[in-house]
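Asks: How does the following fold in three dimensions:
(chains A and B)
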There are 2 protein chains.
Amino acid sequence: MGFKNRFRQNIPQGIVPSALYLGKWILLCGLVGLLAGSASAIFLIALEWATDFREHNIWIIALLPLGGLAIGMTYYYLGQSVVKGNNQILEEFHSPKKIIPLKMAPLVLFSTVATHIFGGSAGREGTAIQMGGAIADQFTKIFRLNSSDRKILLITGVSAGFASIFGTPLAGAVFALEVFVVGRMRYDAIVPSFLAAIFANEAAQLWPIHHTTYSIPVVPDLWAPQLLWALLAGICFGLAGMLFSNATHFWGALFKRTIKYPPFRPLLGGIVIALAVWAVGTRWIGLGIPVIVESFNHQLPFSDFLLKILFTAFTLGAGFKGGEVTPLFFTGATLGSALALFIPLPVALLAGMGFVAVFSGATNTPIACTLMGIELFGADAGVFIGIACVTAYLFSGHTGIYGEQIIGSPKSLLFGSDKGKKINEL
Amino acid sequence: MGFKNRFRQNIPQGIVPSALYLGKWILLCGLVGLLAGSASAIFLIALEWATDFREHNIWIIALLPLGGLAIGMTYYYLGQSVVKGNNQILEEFHSPKKIIPLKMAPLVLFSTVATHIFGGSAGREGTAIQMGGAIADQFTKIFRLNSSDRKILLITGVSAGFASIFGTPLAGAVFALEVFVVGRMRYDAIVPSFLAAIFANEAAQLWPIHHTTYSIPVVPDLWAPQLLWALLAGICFGLAGMLFSNATHFWGALFKRTIKYPPFRPLLGGIVIALAVWAVGTRWIGLGIPVIVESFNHQLPFSDFLLKILFTAFTLGAGFKGGEVTPLFFTGATLGSALALFIPLPVALLAGMGFVAVFSGATNTPIACTLMGIELFGADAGVFIGIACVTAYLFSGHTGIYGEQIIGSPKSLLFGSDKGKKINEL
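Replies: Sure, this is the predicted structure:
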């Protein structure tokens, strides 16, 4: 086709619809970003207060069982329709049934803060994603969006929540594009996802919050030996991600099988965790930010990463609320730090690689995790971070913390038959 | 499925094949990376020599028509099987016919250096990608790889070539995953692509080469007004990418239609370019690195970007050899610099955004271009670069410099019927 015809095809047939599409999503993402970003900020403020309070009133951990009971009762009597959390957003994306109830947002906010104040081990991105997703989905009704626009809207909710909770807009945008289907990025939502992430991150920064900063002071040149060590570390991170995912599913299934009345699960779980904390200390509960910071400074023992997986999988499996990502950061950073025992790379670099790579393995989002590493630690470590994230992605296999993720592109030809199935069906 | 069964499924069924897969690709990517990276380095050294020679012997531009005739004759009598260049690699990927002849590498190397020494306007990534692809594909025969492994091998060749020619391993790895199908990233080749990019970049650095460095000294905070300006800039970059692609196709088609004997095309084209250079000067020929550097320092006129598109599209359309990417960088950086006339963002930031975003629009690889921006200019400008790249991707529509790219995910619902078609069929 000639030059003139190409242009005739593209203007106005191409440009005008693109401009209308952009205008529509600037409006929608502005709304989603403002609300989801503010929700994240309020949550971060509440979380900081809860963590401070717990650390100064350590006796409150004795009340963890009662906190668990309260969370369990709340979800059992008020939150049956939103109890599946992150997986519910993925499920609605793949097989739409009904608008996600707005109450998902306050319920998960309240329950996560309760989980943290009483000393459970959990994260925060799950909460941010659920708030973002629930807020975004309300606009489906208000603006009467069709099903393909609704999918984009759910992506913007996830993007907004993730970007604002960690202060990493590029990672948030790409995470939301990568997370719904393993091995597939949703390019049809790329502009809305970036817009929502940027708006939400800016909205959150209107509030008095701060994000923890980490640094990797020394990055060696990468030659063949360093590359091989980085690959070995990536394999370890992928297996840790798999262990984390499987441990979460295991404890969740065990609690479901053995305790029929759901509110009793976090009650009993809370008793066990409170006793465990009494026995081994508070190092592995909460978000664990101080230990993450420590992992960048000096080599830690292997017990840290194993105990964090145990505490988190048990906490979430019992029915407490929160996310998995900050515990995944903890797991990865402490494992990376421990690997410095025999891998001759700087401890901060290994901690930073693990920080994002275990997360990559457990959520199957290697490009988002690479971008997150660059946003948090700078571009200098980018190649080490990238190779760790993609290797971890390969080695975590078809496992992951989001059971509703669909395998879009099998990681290995041997598992070609998994294509199109959900992770929790495998 | 329980914890134990999951592990039984994953070990050894998951981990052992992953380890074997990794081992195989470390070997293959090591070979491809070493050879393609070294080829890129030799090419960069030759290119620097050619550019230096031309700048000190400006009379040589008068011989451009003869250089063109030589290139034309060479391809007509010796290179019929490799004349399609980059598109040939894409075509072999989508519909495999036969191994890419190794002679593609020396022919494109020689012709590109000739194009530059005699003063054509062209780039270098096309050359690097063709050398990488042709080198990589030889291992298909040697190791008797099956068709799905061959696809991965072609990806590693592209990745290795791109990464080593620009010194941007992450961008190279993701570019090779994004470029074959618009709106689709090939996650099944993610680890090999990263490995090849890293190996090739390291191999190139064993040679005495240097990559130009650019810097964006001031990045403002991004709030709603800055975001809207960045979106506007992104739209301009997307349209410039579209213009570049269409201009290249236009001149190529015109030369093909009007001059039947291929070697005469670059002969005649060379006469026109030599006369044009005599009339307007040498600013818009060659790689144009000095002008790119200038665009970061102060605002340039709009004529720079338009003339560069004209010179490059004419040079390549006439049958000279080289790439499009450095001219795309030139186009984007000078357009960004010119936009500082009315867009209130720092000129270096606009130049940097344009540098990668016009490239994103013309090649439909938004994530690779975002990573490239971060690798070249640092993580601070990441959000501005990301939003420019994805907006340019949207606004370039279903156009692009690679006619053999297949539309995997339509950019807009209005063009849903384009799915599965090649860009040059639209």
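
Asks: in chain A, what secondary structure element scores lowest on mean pLDDT?
Replies: For chain A, counting by mean pLDDT, DSSP states H and E, helix A:3-10 ranks last in confidence among helices and strands (a mean of 52).

Asks: Now for A:Tyr75: which residues touch it?
Replies: The neighbourhood of A:Tyr75, defined by Cβ atoms under 8 Å, 6 or more residues apart in numbering or on different chains, consists of A:Val82, A:Val83, A:Leu107, A:Ser111, A:Pro262, A:Pro263, A:Gly319. From N, CA and C alone the C-beta is placed, and that goes for glycine too.

Asks: What values do phi and psi take at the fourth one?
Replies: I take that to be A:Ser111. Dihedral pair for A:Ser111: phi -70, psi -40, per degrees, to the nearest 10.

Asks: Just give the nearest non-adjacent residue to it, would you?
Replies: Closest residue to A:Ser111 apart from its sequence neighbours, by Cβ to Cβ, 6 or more residues apart in numbering or on different chains: A:Lys321 at 3.6 Å.

Asks: wait, what's in contact with that neighbour?
Replies: A:Ile71, A:Gly85, A:Val108, A:Ser111, A:Thr112, A:Ala114, A:Thr115, A:Ala122, A:Gly126, A:Thr127.

Asks: got a pLDDT number for the first one?
Replies: Translated: A:Ile71. Per-residue pLDDT puts A:Ile71 at 92.

Asks: ditto for the second one
Replies: The predicted local confidence for A:Gly85 comes out at a pLDDT of 86.

Asks: That one contacts A:Val108, doesn't it?
Replies: Yes - A:Gly85 is within contact range of A:Val108, at 6.9 Å (criterion: Cβ atoms under 8 Å).

Asks: what is in contact with the two at once?
Replies: By the contact definition Cβ under 8 Å, 6+ apart, A:Gly85 and A:Val108 are jointly contacted by A:Gly126, A:Gln130, A:Lys321.

Asks: Give the helix, strand or coil label for the last one.
Replies: For A:Lys321, the assignment made with DSSP: H, G, I helix; E, B strand; the rest coil gives coil.

Asks: For A:Arg257, see how far away the closest residue to chain B within the stretch 201-350 of chain A is.
Replies: Chain B sits closest to A:Phe250 of the stretch 201-350 of chain A, with a gap of 3.7 Å, by Cβ to the nearest Cβ. To A:Arg257, A:Phe250 is 11 Å away according to Cβ to Cβ, to the nearest Å.

Asks: More neighbours: which of the two?
Replies: A:Phe250 (19 against 9; other Cβ atoms under 10 Å in any protein chain shown).

Asks: Three-state assignment for that one, please.
Replies: Classified using three-state DSSP, A:Phe250 is helix.

Asks: if I pick A:Met73, what's in contact with it?
Replies: A:Pro263.

Asks: related to what we said a few turns ago, which one's more surrounded, A:Gly85 and A:Val108?
Replies: A:Val108 (27 against 24).

Asks: element containing the more buried one?
Replies: A:Val108 is part of helix A:104-117, with elements assigned from DSSP states H and E.

Asks: For A:Leu414, give me the pLDDT.
Replies: 68.

Asks: Same question for the one 10 residues further on.
Replies: Model confidence at A:Asn424, given as pLDDT, is 83.

Asks: which residues sit in contact with it?
Replies: A:His249, A:Gly403, A:Glu404.

Asks: Shouldn't the second one be within a strand?
Replies: The reference is to A:Gly403. No - using three-state DSSP, the secondary structure at A:Gly403 is coil, not a strand.

Asks: wait, isn't it in contact with A:Thr248?
Replies: No - at 9.4 Å, A:Gly403 and A:Thr248 do not qualify as touching, with contact defined as Cβ under 8 Å.

Asks: Compare these two (neighbour count), which wins?
Replies: Higher neighbour count among A:Gly403 and A:Thr248: A:Thr248, with 23 against 20, using other Cβ under 10 Å.

Asks: Quick check: nearest residue in space to the more buried one, chain neighbours excluded?
Replies: A:Ala313 (4.5 Å).

Asks: Next, work out how far apart that neighbour and A:Ala122 are.
Replies: 10 Å.

Asks: what's the answer for A:Glu375, then?
Replies: 23 Å.

Asks: With neighbour numbers in mind, choose between those two.
Replies: Neighbour totals were compared for A:Glu375 and A:Ala122, and A:Ala122 leads with 26 against 22 (other Cβ under 10 Å).

Asks: The more buried one and A:His116, how far apart?
Replies: Per Cβ to Cβ, A:Ala122 is found 7 Å from A:His116.

Asks: One more: A:Val383?
Replies: Distance from A:Val383 to A:His116, by Cβ to Cβ: 35 Å.

Asks: Close to chain B: what parts of the stretch 301-426 of chain A are there?
Replies: A:366-367, A:370-371, A:374-375, A:378-379, A:382-383, A:386-387, A:390-391, A:393-395, A:397-399, A:408-415, A:426 (Cβ under 8 Å from any Cβ of the partner chain).

Asks: same thing but at 7 Å, please
Replies: For the stretch 301-426 of chain A, the contact set with chain B under Cβ under 7 Å from any Cβ of the partner chain comprises A:366-367, A:374-375, A:378-379, A:382-383, A:386-387, A:390-391, A:393-395, A:397, A:399, A:409, A:412-414, A:426.
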